[in-house]
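>>> Need the 3D shape of this:
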Amino acid sequence: MGVLVGETELREQLLRQNDEFRKLAAEHQMYSEQLDQLNRRHHLSEEEHVQEVTLKKKKLLLKDQMYSLMQKHRHELDSQH
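Here you go, the predicted model:
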């Protein structure tokens, strides 16, 4: 593997090797699916709208945590070369 690892390759590597990353990705996917279900509705109740906003915030937080792990892993890979 070369020194420069692409985002997709790095993500796939972490999905295979890192339990924490795998857990975060699974949670992110779950929230994504819940959002998709809400977005299929023509009209959201106030409660559903709050749920939508909450899910988006949770997804963003997970994405940030996943990105942080990716950066840490990339730094470790770069340090090995």
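
>>> how far does the helix or strand containing residue 15 sit from the chain's center?
Using DSSP states H and E, residue 15 maps to helix 7-17. Offset of helix 7-17 from its chain centre (C-alpha atoms, centre = their mean, to the nearest Å): 12 Å.

>>> Could the C-alpha coordinates of that helix be exported in CSV?
Taking C-alpha atoms only, helix 7-17 is exported to CSV below (Å, rounded to 0.1, in the frame of the first residue of the first chain):
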residue,chain,number,x,y,z
GLU,A,7,-10.6,8.4,1.9
THR,A,8,-12.5,5.4,0.7
GLU,A,9,-9.6,3.0,1.2
LEU,A,10,-9.0,4.4,4.7
ARG,A,11,-12.6,4.1,5.6
GLU,A,12,-12.7,0.5,4.4
GLN,A,13,-9.6,-0.3,6.3
LEU,A,14,-11.0,1.1,9.5
LEU,A,15,-14.3,-0.8,9.0
ARG,A,16,-12.3,-4.0,8.8
GLN,A,17,-9.8,-3.3,11.6
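
>>> Sort out which residues of that helix are buried, please.
10, 11, 13, 14 (16 or more other C-beta atoms under 10 Å). (Each C-beta comes from the backbone N, C-alpha and C, glycine too.)

>>> what's the answer for stretch 56-63, then?
Going by 16+ other C-beta under 10 Å, stretch 56-63 has these buried residues: 58, 59, 62.

>>> element containing the spatially most central residue of the chain, please.
Central residue of the chain (C-alpha atoms, centre = their mean): residue 63, 3.8 Å from the mean position. Here residue 63 sits within helix 46-80, counting by DSSP H and E.

>>> So which elements touch that helix?
helix 7-17, helix 19-39 (3 or more C-beta pairs under 8 Å, 6 or more residues apart in numbering; DSSP states H and E).

>>> Now render those helices as JSON lines, adding mean pLDDT.
Shown next, in JSON lines, are the helices and strands packed on helix 46-80 (pLDDT from 0 to 100):
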{"stretch": "helix 7-17", "mean pLDDT": "94"}
{"stretch": "helix 19-39", "mean pLDDT": "97"}
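
>>> mind putting the ones you listed in TSV, distance to residue 80 included?
Formatted as TSV, those follow (distance: least, C-beta to C-beta, whole Å):
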stretch	distance to residue 80
helix 7-17	13
helix 19-39	18
